[in-house]
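Novice: Return a 3D structure for these sequence lines:
(one chain, ligands or ions: 1)
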Amino acid sequence: MTEAEERTELGLTGWGQSAKGHELPNAAGKWLRREIGWTPRPTQAKELASVTTAATRLTDASSAALIEILGADHVRTDGPSRLRRGAGRSYLDLIRRRGGDVSGLPDAVVLPGSHNEVLAVLGRCVDDDIAVMPFGGGTSVVGGLAGGAGGHRAVIALDVARLKDVSSIDAKSLLVTAGPGLRGPEFETRMARYGLTLGHFPQSYEFATLGGYAATRSAGQASTGYGRFDELVAGARLATPVGSWQVRRPPCSAAGPDLLGLVLGSEGIFGVITDLTLRVRPAPEAKHYEGWSFRSLPRALEGLRQLARAELLPDIVRLSDTDETRANIAFTGGSKATALQALLRARGHGGGCLLIAGWEGEADAVGVRRRAASSLLRRCEAVRLGRSVGQSWLSNRYSGPYLRDALLDVGLLVETLETAASWTDLGEVHDATRDALIESLSTSEAKPLVMCHVSHVYPTGASLYFTVLADRDDDRPLQQWLLAKRAATDALLSTGGVLTHHHAVGIDHAPWLSREIGDLGIAVLHAVKDRLDPTGICNPCVLFGRP
Ligand SMILES: Cc1cc2nc3c(=O)[nH]c(=O)nc-3n(C[C@H](O)[C@H](O)[C@H](O)COP(=O)(O)OP(=O)(O)OC[C@H]3O[C@@H](n4cnc5c(N)ncnc54)[C@H](O)[C@@H]3O)c2cc1C
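Specialist: So this is what the prediction gives:
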């Protein structure tokens with residue numbers, strides 16, 4: 001990796017290299033103090049550059065063999081390289097890191113430059129009993145990079161950063177084959193040259209990679225319209241310990257069960273995704289984002305259900321519940337927030353729910369779809385708030401993770417969790433999850449702020465994305481969140497929610513996986529793993545949990 005590439009890496013204890021001016025505004029800080037009864041206090045992250053990392057467990061013979069395959073530049077055992085690939089970006093990861101805990105690092109980082117080099121690395125790791133953890137952008141929020149050696153002699157991070165080729169562009173069929181190491185902006189920039197787009201914009205877009213999206217079945221902010229990442233994959237190549245496995249499905253096939261489904265969401269347990277064939281679209285000629293408001297969450301969910309049923313869903317749908325709407329307005333602050341509050345009160349929507357709706361595509365089609373959706377929204381008693389609300393969401397769509405760093409710096413617990421449910425269960429899942437989080441995180445002096453939005457809408461239901469802010473328990477910060485997460489997960493599963501809508505399983509969700517897919521489902525996954533990875537070196541512990 002070049003020096004310039006190193007500089008654009010995620011920070012070791014936060015998002016990006018600097019806070020980028022995303023400090024908590026004074027007015028928002030005051031509002032939060034009133035809401036959750038928290039006292040701001042400086043809780044800066046420890047400087048990690050000087051922390052001593054454990055010695056590598058890689059033997060000289062294994063190192064020499066890997067260097068022979070990849071070259072000395074692409075096998076690294078230095079502390080900074082291992083630190084950079086040694087954790088994801090969940091609250092638990094960040095709190096450990098911020099406190100100076102650098103345990104569980106990979107013993108080495110390897111950077112293969114081709115599919116065949118990945119195969120050769122896997123072969124050597126089988127011989128030497130070394131676990132292999134594929135590493136994309138490092139943005140996992142479910143402990144996907146925290147598996148460790150899982151009983152093997154050592155573990156290496158296999159960073160796909162050099163696998164960035166766009167090897168074919170079939171503009172006629174709208175299919176592009178590309179390497180897993182491309183980050184969102186890199187791929188979109190390449191596509192823009194041909195007037196194409198993938199349309200995948202998760203909040204982690206700046207750093208996450210194509211391979212990571214596929215391995216975790218990611219969903220982006222525009223996935224209601226463009227489709228989730230797993231719907232955009234038309235083929236994949238996997239390097240496994242027993243050889244190459246190519247799976248394709250364009251445009252469609254009835255040749256037995258869909259094996260591509262085994263690769264998508266596999267989180268590195270079957271091998272390394274080294275190529276993806278993706279469905280792209282012509283870049284949109286027009287984009288239109290606007291704000292709407294509903295009087296209450298039940299009315300808003302009914303409005304979205306009606307849109308889905310009439311096949312009039314916008315491409316971007318983000319519906320905030322009452323608490324998230326209040327927080328959005330408080331964080332916006334200033335004259336814009338005052339004007340919006342006045343407008344909402346005048347329409348009887350003072351304690352209501354904000355909806356961001358966005359349409360993309362050919363200008364005429366955008367106009368037609370928007371007008372049809374708007375008239376249905378009005379019939380559902382929604383009020384149009386105009387384009388400035390939509391534009392304001394658009395310009396801040398990637399700033400949340402930077403603000404999270406600022407909130408962690410002043411003693412707050414900040415974390416998210418997500419699920420999805422049918423229209424029938426959605427309201428109950430929302431209320432039960434929210435109540436469980438509030439109960440778990442409340443103390444005699446402080447009460448958490450639990451916010452939620454619907455981020456993706458389907459014909460049969462929708463996803464729910466919760467953001468939690470609470471006074472951090474400085475003595476037991478990890479335990480505090482683990483208890484809340486357990487309570488929330490039990491609540492959402494028992495009311496009909498899914499374990500995860502787009503964050504994947506990793507280590508953190510592994511204890512609940514059998515509740516979602518059943519013991520037989522777990523046994524099927526084990527059988528596939530035994531066939532593709534007989535010695536179990538590929539991301540041991542992820543999905544199945546630590547033995
Ligand atoms: C601030 C923030 C916002 C986020 N927003 C979203 C969002 O809007 N939507 C969403 O879906 N997710 C989101 N996430 C979660 C995360 O970004 C996604 O899971 C993303 O898909 C991970 O991609 P990555 O390249 O960073 O993968 P990594 O974190 O590097 O890896 C994730 C898992 O996949 C495995 N893996 C990675 N690459 C490969 C490969 N080539 N072959 C096999 N296995 C591989 C890893 O071993 C690991 O288990 C967010 C995370 C953060 C921190």
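
Novice: list the contacts for the closest residue to the ligand within the stretch 101-250 of the chain?
Specialist: Sorted by distance to the ligand under C-beta to the nearest ligand atom, the residues of the stretch 101-250 of the chain start with residue 212, at 2.1 Å. For the C-beta atoms, the positions are set from N, CA and C on the backbone; glycine is no exception. Residues in contact with residue 212 (C-beta atoms under 8 Å, 6 or more residues apart in numbering) are 136-137, 139-140, 180, 218.

Novice: Low-confidence regions, the stretch 1-150 of the chain specifically.
Specialist: The model of the stretch 1-150 of the chain has pLDDT under 70 over residues 1-8, 17-21.

Novice: Return the residues of it in contact with the ligand.
Specialist: 88-89, 133-141, 144-145 (C-beta under 6 Å from any ligand atom).

Novice: quick one: the helices in the stretch 1-150 of the chain?
Specialist: 3-7, 26-36, 60-70, 79-84, 91-98, 115-128 (DSSP state H, counting those that start in this stretch).

Novice: most packed of those?
Specialist: Ranked by mean neighbour count under mean count of other C-beta atoms under 10 Å, the helices of the stretch 1-150 of the chain are led by helix 91-98, which reaches a mean of 22.

Novice: could I have that helix exported to PDB, CA atoms only?
Specialist: What follows is helix 91-98, C-alpha atoms only, in PDB (Å, rounded to 0.1, in the frame of the first residue of the first chain):
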ATOM      1  CA  TYR A  91     -19.000   0.600  20.000                       C
ATOM      2  CA  LEU A  92     -17.400  -2.400  21.800                       C
ATOM      3  CA  ASP A  93     -14.400  -2.200  19.300                       C
ATOM      4  CA  LEU A  94     -14.100   1.500  19.900                       C
ATOM      5  CA  ILE A  95     -14.400   1.400  23.600                       C
ATOM      6  CA  ARG A  96     -11.700  -1.300  23.900                       C
ATOM      7  CA  ARG A  97      -9.400   0.600  21.600                       C
ATOM      8  CA  ARG A  98     -10.000   4.000  23.200                       C
END
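
Novice: and the gap between residue 297 and residue 436?
Specialist: 17 Å (C-beta to C-beta, to the nearest Å).

Novice: repeat for residue 531
Specialist: 39 Å.

Novice: Mind listing what's buried along stretch 457-471?
Specialist: Of the residues in stretch 457-471, 457, 461-471 count as buried by neighbour count, 16 or more other C-beta atoms under 10 Å.

Novice: List the contacts of residue 337.
Specialist: 329-330.

Novice: same question, residue 246
Specialist: Neighbours of residue 246 in contact, by C-beta under 8 Å, 6+ apart: 235-238.

Novice: Take those residues and keep only those in strands.
Specialist: 235-238 (DSSP state E).

Novice: Is it possible to get CSV of the residues you listed that adds distance to the ligand and pLDDT?
Specialist: Listed next are these as CSV, based on distance: C-beta to the nearest ligand atom, whole Å; pLDDT from 0 to 100:
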residue, distance to the ligand, pLDDT
235, 14, 97
236, 9, 98
237, 10, 98
238, 8, 98
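
Novice: related to what we said a few turns ago, have a look at residue 531 and residue 436 and say which one is more surrounded.
Specialist: residue 436 (22 against 11; other C-beta atoms under 10 Å).

Novice: buried set for the helix or strand harbouring the more buried one?
Specialist: Assigned by DSSP states H and E, residue 436 falls within helix 423-441. Within helix 423-441, the residues that qualify as buried are 423, 425-430, 432-434, 436-438, 440-441, counting by 16+ other C-beta under 10 Å.

Novice: Give me the contacts around stretch 57-65.
Specialist: By C-beta under 8 Å, 6+ apart, the list of residues contacting stretch 57-65 reads 66, 75, 77, 107-108, 124, 128, 130, 149, 153-154, 156.
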